[in-house]
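Asks: Sequence first, predicted coordinates after that:
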Amino acid sequence: MKAWRFYGFGDMRLDDIPVPQVRPGWVLVEPLCVQPSVTEAQLALGIPTLAYDRVKRRLETEAPIQLFGHEFCARIVETGPGVTRFHVGDRIAARAKLPCGNCSLCRSERSNLCRRGPVIGFDQPGCFSELALLPEIALVRVDDRISDSEAACLQSLSDSVASVETASLQMGDSVVIFGQGSMGLECLQIARISGAGLIISVDVRDESCRMSLELGADHALNARTCDPVAVIRELTGGNGADVVFECAGGSPKQGLAGTETLRQAIDAARSGGKVIGVSWFGGPLELNVDLLRERSLRYLFPDISTQAHLEHTVRLVATGRVRLQPTITHVLQGIESVPKSFEITANKGLHQAINPAQVMMRG
Ligand SMILES: [Zn+2]
């Protein structure tokens, strides 16, 4: 079968490799639609972000290796012994982080917090290939009302569900979301159906602001043409918002906001309010912790998403409560276009992409 393998940072090649052998509790799938996450797209180019050291070590000691491809929709073509919940022909998505099954966290039903289990696309091959092997334990069945393209976003959406759950919104809370990329727009829609009152979004791209209004923001501020913190204070009676999601930070080289939006997010939250840190910054940053202490701010990081979160995303999208289709701006055809999807996803601003660029694997 054909599979994309990495020989080093920035060096991916479409190789012919043996079909993996199905084993007990696992299924063999044919990937239908796959997208690189922003993190994967940056790592492929060797840009430091989450998991950089682990990927660098594997490339130096094990290359060529299959990397990435944990956001996908696939169809089951063979089931291993003992697989009971899924059948050949089922369309599935999966969560990326797997439990080890043996540690105290796994035994106490907090397996989402386990740090010993493998991660699909990092420790074991993901879906940038004609066939892939996946464990039944990670899978969720995709509802017929969800397209292959939308289903490829469910894994990322489950992280957004976990992020909004972390905020523990109270009915009518004012909510600000910095960054209207795919996760920002997902957090917006989930907050809206989870009791948010006034919703204000911030971005620097007009097309993202337009999309944000279409998907339910009351105000979409373009940070290039106004001082977002001043406008947010004005719109929230002078105090700032109850909850602020920071979804814009990251490497400026990739068109992300650096650390500036974190400072703005802190300034835009009311005293005693919450800042939910969704972004990855790719390195240490300077933060005035006394400012957080003085204003009793809660700087929280999203819970690690669970199987229940992933199953919830299926209901949210199947019933139209969360709309993904408008955010899917780039769909490429055929397994050969995988490198192009990485290039677009690593430079979404340049390509005016919102969701990562997807690949319909069979063309
Ligand atoms: Zn464990």
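Replies: Sure thing, it's come through. Numbers count the residues shown, from 1 in each chain.

Asks: how far away is the residue nearest the centre of the chain from residue 38?
Replies: Note on the chain: the residue nearest the mean C-alpha position is residue 156, at 3.2 Å, using C-alpha atoms, centre = their mean. Residue 156 is 9 Å from residue 38, where distance means C-beta to C-beta, to the nearest Å. In this view, the C-beta of every residue, glycine as well, is placed from N, C-alpha and C.

Asks: same check, this time on residue 81
Replies: On the measure of C-beta to C-beta, residue 81 and residue 38 end up 37 Å apart.

Asks: Show me which of the two is the more surrounded one.
Replies: Between residue 81 and residue 38, residue 38 has the larger neighbour count (other C-beta atoms under 10 Å), namely 25 against 9.

Asks: Spit out the contact partners of that one.
Replies: Applying C-beta atoms under 8 Å, 6 or more residues apart in numbering, we find residue 38 in contact with 181, 250, 254, 345-346, 348, 356.

Asks: C-terminal to the helix or strand where residue 12 lies, what's the next element?
Replies: Assigned by DSSP states H and E, residue 12 falls within strand 11-16. The C-terminal neighbour of strand 11-16 among helices and strands, as given by DSSP H and E, is strand 26-35.

Asks: After that following strand, which helix or strand is next?
Replies: For strand 26-35, the succeeding helix or strand toward the C-terminus, using DSSP H and E, is helix 38-44.

Asks: correct me, but residue 20 touches residue 129?
Replies: No: with contact defined as C-beta atoms under 8 Å, residue 20 does not reach residue 129; the gap is 9.0 Å.

Asks: Which residue of these two possesses the greater neighbour count?
Replies: Each of residue 20 and residue 129 has its neighbours counted (other C-beta under 10 Å); residue 129 has more, 27 against 18.

Asks: Across the sheet, point out what pairs with the more buried one.
Replies: Legend: beta-bridge partners of residue 129 under DSSP bridges are residue 3.

Asks: Look up how far the ion lies from it.
Replies: 27 Å (C-beta to the ion, to the nearest Å).

Asks: Next one: the closest residue to the ion within the stretch 251-363 of the chain, what pLDDT does it get?
Replies: Taking C-beta to the ion, the ion has its nearest neighbour within the stretch 251-363 of the chain at residue 304, 12.1 Å off. In this model, residue 304 is scored at 90, pLDDT.

Asks: okay, now it: neighbour count?
Replies: By the measure other C-beta under 10 Å, the count of residues near residue 304 is 16.

Asks: Contacts only, for it.
Replies: By C-beta under 8 Å, 6+ apart, the neighbours of residue 304 are 97, 112-113, 162.

Asks: Below-threshold pLDDT in the protein: ranges please.
Replies: For the chain, the stretches with pLDDT under 70 are 253-255.

Asks: same thing but at 50, please
Replies: The chain contains no residues with pLDDT under 50.

Asks: And the residue of the stretch 151-300 of the chain closest to the ion?
Replies: Counting by C-beta to the ion, the stretch 151-300 of the chain gets nearest the ion through residue 162, at 18.1 Å.

Asks: can you pull out the helices in the protein?
Replies: Secondary structure of the chain by DSSP state H: the helices cover 38-44, 52-62, 104-107, 148-151, 154-166, 182-192, 206-214, 228-235, 260-268, 289-294, 307-318, 338-346, 348-351.

Asks: Any chance of CSV for those, columns distance to residue 27?
Replies: Formatted as CSV, the helices of the chain follow (distance: least, C-beta to C-beta, whole Å):
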stretch, distance to residue 27
helix 38-44, 22
helix 52-62, 25
helix 104-107, 21
helix 148-151, 16
helix 154-166, 17
helix 182-192, 27
helix 206-214, 35
helix 228-235, 46
helix 260-268, 40
helix 289-294, 46
helix 307-318, 16
helix 338-346, 22
helix 348-351, 32
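
Asks: do you know which of the ones you listed lies nearest residue 32?
Replies: For residue 32, the closest of these is helix 148-151, at 4.5 Å, according to C-beta to C-beta.

Asks: Which residues does that closest one contact?
Replies: Helix 148-151 has contacts (C-beta under 8 Å, 6+ apart) with 32-33, 72-73, 91, 93, 142, 317, 324-325, 328, 331, 358, 360.

Asks: Quick check on those: which are buried?
Replies: Applying 16 or more other C-beta atoms under 10 Å to the contacts of helix 148-151, the neighbour count classes 32-33, 72-73, 91, 93, 142, 317, 324, 328, 331, 358, 360 as buried.

Asks: Of these, which pair is most distant in space?
Replies: Maximum distance among those (C-beta to C-beta): 18.2 Å, for 317 and 360.

Asks: can you pull the buried residues of the strand holding residue 12?
Replies: In strand 11-16, counting by 16+ other C-beta under 10 Å, buried: residue 12.

Asks: helices and strands around that strand, which ones?
Replies: The helices and strands touching strand 11-16, judged by 3 or more C-beta pairs under 8 Å, 6 or more residues apart in numbering; DSSP states H and E, are strand 2-8, helix 338-346.
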